[in-house]
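>>> here is my input; please provide its structure:
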Amino acid sequence: MESSRAARSLRSGPSRRRPLMYTALASVAVLGGTAAGTVFVQAQAHSGAGAVSSAATPSASSSAAAPAPAPDSAKGETSVEPVAEPTVEHDELLADALKAVSVEDGADMSAAVLDLDSGESATHGDDAFDTASIVKVDILATLLLQAQDADRHLTAQEKSYATAMIENSDNTAASALWRLIGKADGLDAANERLGLPDTAGGDDMLWGLTQTTAADQLALLQQVFGDDSELSEASRAYVQGLMGQIAVDQHWGVSAAADGSRWALKNGWLARSTTGLWDINSIGRVTVEGRDYLVAVLSKGNSTQAKGISLTEAAAKAAVSVFEGNGASTPALASVSTAVSK
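Below is the predicted model of the structure:
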């Protein structure tokens, strides 16, 4: 959104009047002049021809004495006032982008995306979803956090479980680590520190029914891929490495938004026994035109696994499109006022 503001500067002057000079450069507006010939110019950073106007204050008496010359300090004065950048509503842009994504009747979808270079993010939807197997990233983050607290490294057995759980989405390995971290209590305690307020671990051994939101999954990805994290650099590198070596048959989901093979992800899929409908989720990091994005897409109520996968991939592409081609952040505009003594 853009806003414009015109400022009018007016000085009263002595009785002698001198001609005023007008020069229009780019979008420069001459806002006022004094009888002493002082001209105030405002340069505007937006495009379009600017209006040029002037007004001289008439003298009170034509017989008044001539004014003293303006002091040197008044000559060539320049002041620069910063103008705030236009606000970009990325949530609205994401909502608009997702309108082009087909969601079948009865299904629901939520998405969140963050540009790692700029730190800007967008979220659409705040409903809770079953995690299915994407909770395995959270389980591993919890295990690593607990190991850090105990000042120890993962054991060989824990590493074996972690590799199978992330790279192959092995459920037996996930269940073993779920027990080891203390099930839902351990996960919830870690998530308080990791910044996932709307994620709640599943009952007993039902880790796949952990409830979460797209915003929380984005927060988890920031803990794994960002620098400001509860996880140590070594722990982050470990999780990133596993997410970058996913089994070939699981190369779907947010990776569809990447250009080439520069991505790291974890997918989740679950057919609900009560309805026969599918939960299909995907979270991870993708690289597009040299920029890194964190993307989380959650969905439920899909009639088939294939339709759910198509939905998550289309939503991931739409999410990244909100920031694609932005490049560096738009520099702040400046309003420049210059006083020129004639």
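
>>> what are the buried residues along stretch 286-296?
By neighbour count with 16 or more other CB atoms under 10 Å, stretch 286-296 contains the buried residues 286-288, 291-296. Any C-beta I mention is one placed from the backbone N, CA and C, and that applies to glycine too.

>>> for that stretch, what is the average pLDDT?
Computed over stretch 286-296, the mean pLDDT rounds to 96.

>>> send me that stretch as CSV with only the CA atoms.
Extracted C-alpha coordinates of stretch 286-296, given in CSV (Å, rounded to 0.1, in the frame of the first residue of the first chain):
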residue,chain,number,x,y,z
VAL,A,286,13.4,-25.0,-0.4
THR,A,287,15.8,-22.9,-2.5
VAL,A,288,14.4,-20.8,-5.4
GLU,A,289,16.6,-18.6,-7.5
GLY,A,290,19.3,-18.5,-4.8
ARG,A,291,16.9,-17.6,-2.0
ASP,A,292,15.9,-19.9,0.9
TYR,A,293,12.4,-20.3,2.1
LEU,A,294,10.9,-22.3,4.9
VAL,A,295,7.5,-23.7,4.0
ALA,A,296,4.8,-25.6,5.9
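
>>> what's the weakest-modelled helix or strand in the chain?
The least trusted helix or strand in the chain, going by mean pLDDT, DSSP states H and E, turns out to be strand 333-340, with a mean of 29.

>>> show me where the protein has helices.
90-98, 135-149, 156-167, 171-181, 183-194, 214-225, 233-243, 305-321 (DSSP state H).

>>> mind giving me the packing neighbours of the last one?
Judged by 3 or more CB pairs under 8 Å, 6 or more residues apart in numbering; DSSP states H and E, the packing partners of helix 305-321 are helix 90-98, strand 108-115, strand 263-271, strand 278-288, strand 291-302.

>>> what's the closest of the buried residues of stretch 286-296 to Q211?
A296 (14.3 Å; CB to CB).

>>> gap between that closest one and S282?
8 Å (CB to CB, to the nearest Å).

>>> hey, what's in contact with both of the two?
Common neighbours of A296 and S282, counting by CB atoms under 8 Å, 6 or more residues apart in numbering, are V254.

>>> that older thread, present the helices and strands packed on helix 305-321 as JSON lines; the columns should include distance to K136.
Converted to JSON lines, the helices and strands packed on helix 305-321 look like this (distance: least, CB to CB, whole Å):
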{"stretch": "helix 90-98", "distance to K136": "26"}
{"stretch": "strand 108-115", "distance to K136": "19"}
{"stretch": "strand 263-271", "distance to K136": "6"}
{"stretch": "strand 278-288", "distance to K136": "10"}
{"stretch": "strand 291-302", "distance to K136": "14"}
